[in-house]
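> Take this sequence and fold it.
(one chain, ligands or ions: 2)
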Amino acid sequence: MAVQPVIPSEVDELEEIWEWVESFDAVVEQGGRHLASKILQEIRSHALAHGVLVPFTANTPYVNTIHVSQQAAFAGDQEIERKIKSLVRWNALAMVVRANRVEHNIGGHISTFGSVATLFEVGFNHFFRARNKDFEGDTVYLQGHAAPGVYARAFLEGRLSAQQLENFRRELKPGGGLSSYPHPWLMPEFWEFPTVSMGLSPIMAIYQARFNRYLEDRGLKPRTDAKVWAFLGDGETDEPEALGAITLASREHLDNLIFVVNCNLQRLDGPVRGNGHIIQELEAAFRGAGWNVIKVIWGSDWDPIFEKDVDGLLAKRLGEIVDGEYQKFIVESGAYVREHVCGSDPRLLKMVENLSDEELHKMRHGGHDPKKVYAAYKAAAEHKGSPTVILARTIKGYGLGESGEGRNVTHQQKKVDEDTLRHFGERFGLKIREDQIEQVSFYRPSDNSPEIRYMQQCRKKLGGYVPQRRVRAEVLPPHEENLFTEFLTGSEGREVSTTMAFVGMLRKMLRDPEIGKLIVPIVPDEARTFGMESLFRLVGIYSSQGQLYEPVDMNTLLYYKEAKDGQILEEGITEAGSLSSFIAAGSAYATHGINTIPFFIFYSMFGLQRVGDLVWAAADTRCRGFLLGGTAGRTTLAGEGLQHQDGNSHVLALPIPTLQAYDPAFAYEVATIIEDGIDRMYRKGESVLYYITVMNEPYVMPAMPAGSREGILKGMYKLKAAGNGKSKLRAQLFGSGAILREVLKAQEILEEKYGVAADVWSVTSYKALYADGIEADRWNLLHPTEKPRVPYVSECLADAPGVLVAATDYLKALPNLVSKWMPRRVASLGTDGFGRSESRDSLRNFFEVDARFIALATLRELLSEGKIQASVVQKAIKDLEINVEKPDPLTT
Ligand SMILES: Cc1ncc(C[n+]2csc(CCOP(=O)(O)OP(=O)(O)O)c2C)c(N)n1
Ligand SMILES: [Mg+2]
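Ligands and ions are numbered 1, 2, ... in the order given. All right, here's what the predicted structure looks like:
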C-alpha cells in the first residue's frame, strides 16, 4: 500500500520555515555573508535538479541594497556640505522664480532639482573628476530639467555671474543668459551633452562608455578608470531608448558606467507607477540585464528601525505599498503614515512607537541622505565587471513644502509665494535677510566663507570644474594632396554604384597613414547590404572579447573577423545605438581630444526619419562626422517597397542647421564632398556634420568635369550643355542623385525628337542652395542701400535661357524650395507618395520621374510659354507612351 504523504498544517509549516531561517542566520553569523550566498545558490540548483520549482524573482526586498553594516563611511564634512547644498537650492529656486517674475511664463523647473540635489552634490563634492591635462575626466550626463541647480552651483563656484543667472532662459539679453537646458551649441564652454530630450542621455551614455573602451582597446587613449555617469528621471525610463540598450552595457562589462535614477516616483502629470513600484520594476529590469543594482530607498533615520525588523516584517509591508500611496505619505501627517504603514500589525506599530508623528513624517529618503548616497556612489565606482545602476528614492519638489512637495502639479511649478520662500529658508537653515527672501535675491557668501572654500577645495581635489566643455584636439594639418584622385577620373566603362564608390573611398581612408586610425566605420548590421564585407578582414570588427570562436567562413577571403583592436563598430540592428556611437566618436575631439572621424552608414529611410531626434542632439553636441544614407532614393531602391524607399530624408535634413546634406550622382561628386568635409571639420575645425545619400544603382561613372568642384560643394553646377545651342526652344534641366541620369536621357530625347536644346545641371544639394538663398535674402533685407547679394542659384541661372524643369528622387518640395531665386517658374518632378515593391523602371514611371516625364514636363512648360502648340505636347504623350489615366502616386 502506498504511503500517504503527511500534509503539514499551516502552523507546522511556519515552524519548519523558522527552523530553516534560524539555521541560515547561524550560517551568516558564523560563516559570513559570502558563504551564505553560496549555500543559497547551491540549494537553488539542488532544488531544481530534484524537480522543486523555485519561483523566479529578479527583485530583492524593498530595502537598501547596501546594509548599514557594509556602508562606507562618509568622507566629507556633512554639515558644511548641507550648507552648500542649501545655497545651491536657494539660488536655483531664485533663478527660476526671478525669471518668471520678470517674464511671465518663461518657464523653468524647480522640482526636479529639488529632488536630485543631494544626488548631484555628493557627486560634485566627491566623485565627478574634471578633464585636465593629467586625466581624461569623468563624463557626466546631468538630468536636463535639473539645469537650474547646475547653474546655481557654478555661480557659487564663481564660474557664472549673477547677471547670467538673472538671465536664465533669456539667452538673448545683453551680456548673455543661460539656456533652459544643457545645450553645448548654446553654451559651448559649459555643457558637453544635451540631455533634455528624454531617453537620449541614457543611450548616449551607454555607447559613450563603450566608445571609451573602444578607444582604449585600439590604443588611441590610455586605459583609465574614468567613469561615465548618467542621471535620469524615473519617468524618463519609459522612453524605449532609455532601457533599450542596457544589455549592451552588461554584455560589454562596462564597469565604467554608472546610471543614477532619480526615483521621485513622479513624472510630469502624476505618479510614474501609481499602482505599482517603479524602483522594483527597474531593479528587475536591470538585474535581469546583468547590471549591478544598488537601491537607496531609506535614509539613515530608518537604520535603527530596520535593526528591529529581524523577521523582515517591515520590509515585507513596505514592499506592499504602491507608489501612489507612497506619494500620499509625503503630503500627509506622520499619524497618517503610522496608521497606513503599520496600522495593520501591532508588531509594526511597536517598531515605530518611539517616534513622534512629526519625526515619522520627517524620516528621510535614501536619495536625500548624503551618507547613503555617498556609500552607493563609492560602491558603484569600485564595482568591477558590470555597469551599476543606483535607484535612489527622492521626493519631487523637495523643500517646497505644502505648495509643491510631492504634489502632482509640482513639475511645472515656477512661482512660489513668500510663505513658501520663508519656509524654504528656514528649512534649509539659510542665513538670508528677510528682504533678500522677499526679493528672492541671489546669494553667494564671500570667497573666504567656509562654504565657498570647502566647495572650491573639493573641486580642486577632483581636478577642476564639472561640467565644462573644451575643444581638446588640435586640428589636423592642412593637406594638399587629394586622397581620392582615383575616383575623379571615371570608372572607365565599369558600372559601379555610388555606394561601391564610397566603400572604395572608405578603404582608401582606412589605409591612409595620417587619418586611417581615426576613421570609425559604424554599421547597424548592414555592411553586406552596402558591399562593405571586404572591410571586415581589412580592419576587423571591434570586439572587446576578441574572437572566441572560429568563424563559420574562416576559410574564405572575407571572413567575419572580430578583434579586440578591430576598427568597425558593427552595432547590430540599432540605428539609435549606432547614432549614439556616432555622437561619441563625433564629439571625441572635445571629450577626449581625439579627432576620430565617424562614418555611419545606414538604410537612409531608417536614419533621419527613425532617429532624427538623435541627429538633432548630435548637431547640438557640435558633433563632426559623416552620416551616409545608403540604398537611398524612392525609385532607386527597387523592390523593397513602402517602408524602405526613401524619398524623405533630404527634406528631413533641412531643419538641422549644421547638417550639410548632399544627394550626389557620381563618384567624383561623393569624393569631392567627403574630401571637403574632412577639410572643413578636421583641418579647419568647423562643427558641422554631413549627410550624404548613396545609391545601389550601378552605372558608368564619368570623369569629373573641369571647374565643377566649387559647384558640387555649393549645390549645383552645369554638367552638360545642350548640343544644339542655336535652337529656339530652350530648357534648363536639373537632376540629382540617380535621377540625374534620367535627366540626361531626357536631354537626348528633347534634342532628338523635339528640337529642344536643354542644358543639364547636377544639383548636389538643394539644402545648400536653399541656405545660400535665404542668407542672401536676409542680408538684402537688412542692407537696403548696398548692392544686393545674388543667391548662388540666381547667379548660375542668370543667363540660362528657356524653361526650367527639375527632377529628384525625393519630394517635389526640394526644387520648389529654391524656385523663388530662379529666373522663371520651375516644373518640379519628385516622388511624393508611398513607395512600391517594383523595379526601378516601373517605379520611375509610377512616380513620374523618368526621362519621358522629364521630357513631357519640359514640353508642357514650353507650351505654357507659348513656344509650342498643345498638339505637340499631346502627340508627345502618345509617342512617349504616357498613360494620362494612371493613378496619382501622391494619393494611391
Ligand atoms: C522626449 C521628451 N518627451 C517629453 C518631454 C517633456 N518632459 C519634460 S520633464 C518630463 C517629466 C519628467 O519626469 P521624470 O523623468 O520622472 O523626471 P523628474 O522631473 O521627475 O525628475 C516630461 C514629460 C521631454 N523633455 N522629452
Ligand atoms: Mg520622476
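> Number of residues surrounding the residue of the stretch 451-600 of the chain found nearest ligand 2?
When scored by C-beta to the ion, the stretch 451-600 of the chain has residue 467 as its residue closest to ligand 2, at 21.4 Å. (Glycine included, C-beta is placed from N, CA and C.) Neighbour count of residue 467, defined by other C-beta atoms under 10 Å: 23.
> Let me see the contact set for it.
Applying C-beta atoms under 8 Å, 6 or more residues apart in numbering to residue 467 gives the contacts 140, 142, 150, 182, 190, 191, 192.
> Narrow those residues to those in strands?
residue 140 (DSSP state E).
> Check the burial of residue 641 by counting its neighbours.
Residue 641 has 14 neighbours, counted by other C-beta under 10 Å.
> per-residue confidence at it?
Looking at residue 641, its pLDDT is 97.
> State the phi and psi torsions of it.
Main-chain dihedrals, residue 641, degrees, to the nearest 10: phi 90, psi -170.
> Grab the nearest non-local neighbour of it.
With C-beta to C-beta, 6 or more residues apart in numbering as the criterion, residue 641 has its nearest non-adjacent residue at 3.8 Å, and that residue is residue 837.
> Using the three-state scheme, assign that neighbour.
Of the three states, residue 837 takes coil under DSSP: H, G, I helix; E, B strand; the rest coil.
> The contacts of residue 467 in helices, which ones?
Members of those lying in helices (criterion: DSSP state H): residue 150.
> Nearest to ligand 1: which residue in the chain?
residue 233 (2.0 Å; C-beta to the nearest ligand atom).
> if we can go back for a sec, any chance of a markdown table for the contacts of residue 467, columns distance to ligand 2 and pLDDT?
Below are those laid out as a markdown table (distance: C-beta to the ion, whole Å; pLDDT from 0 to 100):
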| residue | distance to ligand 2 | pLDDT |
| --- | --- | --- |
| 140 | 19 | 98 |
| 142 | 15 | 98 |
| 150 | 17 | 98 |
| 182 | 18 | 98 |
| 190 | 25 | 98 |
| 191 | 21 | 98 |
| 192 | 23 | 98 |
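> For the residue in the stretch 751-892 of the chain positioned nearest to ligand 2, which non-adjacent residue is spatially closest?
Using C-beta to the ion, residue 767 is the residue of the stretch 751-892 of the chain that sits closest to ligand 2, at 38.6 Å. Using C-beta to C-beta, 6+ apart and skipping the chain neighbours, the partner closest in space to residue 767 is residue 661 (4.3 Å).
> swap in residue 302?
Setting aside the residues directly before and after it, residue 302 is nearest to residue 363 in space (C-beta to C-beta, 6+ apart), at 6.3 Å.
> Where do the helices of the stretch 301-450 of the chain begin and end?
303-308, 313-320, 323-331, 334-337, 346-351, 357-362, 370-382, 418-427, 434-439, 450-461 (DSSP state H, counting those that start in this stretch).
> Quick check: which of those is buried the most?
Comparing the helices of the stretch 301-450 of the chain by mean neighbour count (mean count of other C-beta atoms under 10 Å), helix 370-382 ranks first with a mean of 22.
> Show me what it is packed against.
Judged by 3 or more C-beta pairs under 8 Å, 6 or more residues apart in numbering; DSSP states H and E, helix 370-382 is in contact with helix 78-102, helix 111-126, strand 257-263, strand 292-296, strand 388-393.
> Of the helices of the stretch 301-450 of the chain, which is nearest residue 281?
Among those, the nearest to residue 281 by C-beta to C-beta is helix 323-331 (9.6 Å).
> circling back: go through the helices and strands packed on helix 370-382 and name the closest to residue 804.
When these are compared by C-beta to C-beta, helix 78-102 sits nearest residue 804, at 50.5 Å.
> touching ligand 1 at all, the closest one?
No. Using C-beta under 6 Å from any ligand atom, helix 78-102 never reaches ligand 1; the gap is at least 13.4 Å.
> near ligand 2, which residues of the chain?
Residues of the chain lying close to ligand 2 (C-beta under 5 Å from the ion) are 233, 234, 235, 264, 266.
> Measure how buried residue 844 is and give me the count.
Counted with other C-beta under 10 Å, residues neighbouring residue 844 total 28.
> cool, residue 282 as well?
As a burial measure, residue 282 scores 24 neighbours (other C-beta under 10 Å).
> Return the residues in contact with it.
Going by C-beta under 8 Å, 6+ apart, residue 282 touches 234, 237, 261, 263, 389, 391.
> for those, which one is nearest residue 559?
Taking C-beta to C-beta as the measure, residue 559 lies nearest residue 389 of the contacts of residue 282, at 37.4 Å.
> The closest one against residue 263, yeah?
No. Counting by C-beta atoms under 8 Å, residue 389 sits too far from residue 263 to count as a contact (10.7 Å).
> so where does the nearest residue in space to residue 800 that is not next to it in sequence fall, helix or strand?
Leaving aside its sequence neighbours, residue 800 sits nearest to residue 732 (C-beta to C-beta, 6+ apart; 4.8 Å). Using DSSP states H and E, residue 732 falls within strand 729-735.
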